[in-house]
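> 3D model of this:
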Amino acid sequence: MSWKALWPVIVFAASQHVFAQTPSPTLVRKSERTEMFRSAENPFEPVWSGYALIGVRMNRTSRPTIWASSASGGIEDVQFTIPNAGQILVRGVAASLDHTILIAGTAIGGDSQGSGFIGIIPPDRSKKLIVRTTPYTAMAITVAPDGVIWTVGWDKEDGKRVFNVLKRFNPSGTLLSSIHLTVRPIPGASISDVAYASALRCSGDRVGWLTGASQYLEFSLDGREIGRFEPPPWHAEKPVGSVLHVLLNLALSENNEVVVAGLGPISSVWRLNRDARQWIPIDVSGEHLDRLAWLLGFDGNELIVDTKTSNRGEVVARFAISAGGCPRGACAF
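Numbers count the residues shown, from 1 in each chain. Modelled structure (predicted):
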């Protein structure tokens, strides 16, 4: 079974959109290569962050390995441990341009109690820093150009769980800010948690969050919300009751291009037109991609997509995006 097939089932209701009568943008393939990042026993979605494609092997063990595959072809393995942790569940990884690696997860001790943490591995790979965040548990993580660590997850207040909490930390792990976000819930879900199965990404001047309900929010680097956009019109093909099998992921470029992907007969890939507050479908028909184009992120302004799963690894392709569907300046705000 592919690691993609293990992505969680998400409850979702499609929203109504009016499509611009302009040519659809298209993907233009630049290059591709095979990346050996599959892990049969513990699949994990990698992400292009900072300087490399970052992922995890041997997740849910006491010694997971964080790997980094850079554009130059170099591959690095960093073993990650926490004293007295019998199992480490890595929930998210990120990296900065200076090669610092960030990890968000839960460490489980011998008493089977979980403790949320952020791991900070410096560029020289010297002694790592473990920041205990309990009762807060981060479900997604990224790092901004100024070194500030952004996370979203759940916290506790008065003994009760509070979901969709955005916390920012300085490069040493000191808490800078915490805010409980009111966001669109997943229709029909029993809890309001949309940080689970969500994605945080950063550009040169902002951070983007694609929630588990497919709503997209943007923040300035000082933590202020600067944009909120309703989901693209996903249409799952085989609903089970009110549950739709929807896969979704996010890429945010240096010049603030936003691309999301999910299953749907109209398009699996969408580009944000901020001025029109509209999602424009990207035509991927000429690229023979799978039904889901699995977005790994942007390296600069090249979109990186995992296009094929095989026993030899993943075929990772780089694309430019044509300007169709975006009036000048509307997509790259």
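
> Hmm, residue 287 is touching residue 29, no?
Yes - using CB atoms under 8 Å, residue 287 is in contact with residue 29, at 6.3 Å. For every residue, glycine as well, the C-beta is placed using N, CA and C.

> Could you name every residue contacting both of the two?
Residues touching both residue 287 and residue 29 (CB atoms under 8 Å, 6 or more residues apart in numbering): 317, 319.

> Tell me the pLDDT of the closest residue to residue 205 other than its chain neighbours.
Leaving aside its sequence neighbours, residue 205 sits nearest to residue 221 (CB to CB, 6 or more residues apart in numbering; 6.4 Å). Per-residue pLDDT puts residue 221 at 98.

> again with residue 92
95.

> For burial, what's the neighbour tally of it?
26 (other CB atoms under 10 Å).

> Could you check how far it is from residue 296?
Going from residue 92 to residue 296 by CB to CB, to the nearest Å gives 14 Å.

> now do residue 197
From residue 197 across to residue 296, the span is 16 Å (CB to CB).

> Neighbour count: the two, which is higher?
Each of residue 197 and residue 296 has its neighbours counted (other CB under 10 Å); residue 296 has more, 25 against 22.

> What strand or helix carries the more buried one?
strand 294-299 (DSSP states H and E).

> ok, and what's touching that strand?
By CB under 8 Å, 6+ apart, the residues outside strand 294-299 that reach it are 4, 45-49, 53, 71, 201, 247, 249-254, 257, 259-261, 269, 303-307, 316, 318.

> which stretches of the chain have low pLDDT?
Along the chain, the model assigns pLDDT under 70 to residues 1-22, 36-44, 234-247, 263-267, 288, 290-292, 308-313, 324-333.

> Give the residue farthest from the middle of it.
Note on the chain: the largest separation between a C-alpha and the mean C-alpha position, by CA atoms, centre = their mean, falls on residue 111 (31.1 Å).

> Assumed it was part of a strand.
No - checked against DSSP: H, G, I helix; E, B strand; the rest coil, residue 111 lies outside a strand; its state is coil.

> Pairing partners for residue 105 in the sheet, please.
Per DSSP bridges, the residues bridged to residue 105 are residue 90, residue 117.

> list the contacts for it?
88-92, 116-117, 119, 138.

> With residue 149 instead?
Counting by CB under 8 Å, 6+ apart, residue 149 makes contact with 102, 118, 120, 141-143, 168-171, 173.

> follow-up on the earlier one: number of residues surrounding the residue nearest to residue 205?
Other residues lying near residue 221 total 17 when counted by other CB under 10 Å.

> Kindly report the same for residue 251.
25.

> Could you spell out the sheet neighbours of whichever strand or helix holds it, each with its direction?
Element membership for residue 251 (DSSP H and E) is strand 248-252. Using DSSP bridges, strand 248-252 pairs in its sheet with strand 258-262 (antiparallel).

> moving C-terminal of the strand it pairs with, what's the next helix or strand?
Sequence-wise, the next helix or strand downstream of strand 258-262 (DSSP H and E) is strand 269-273.
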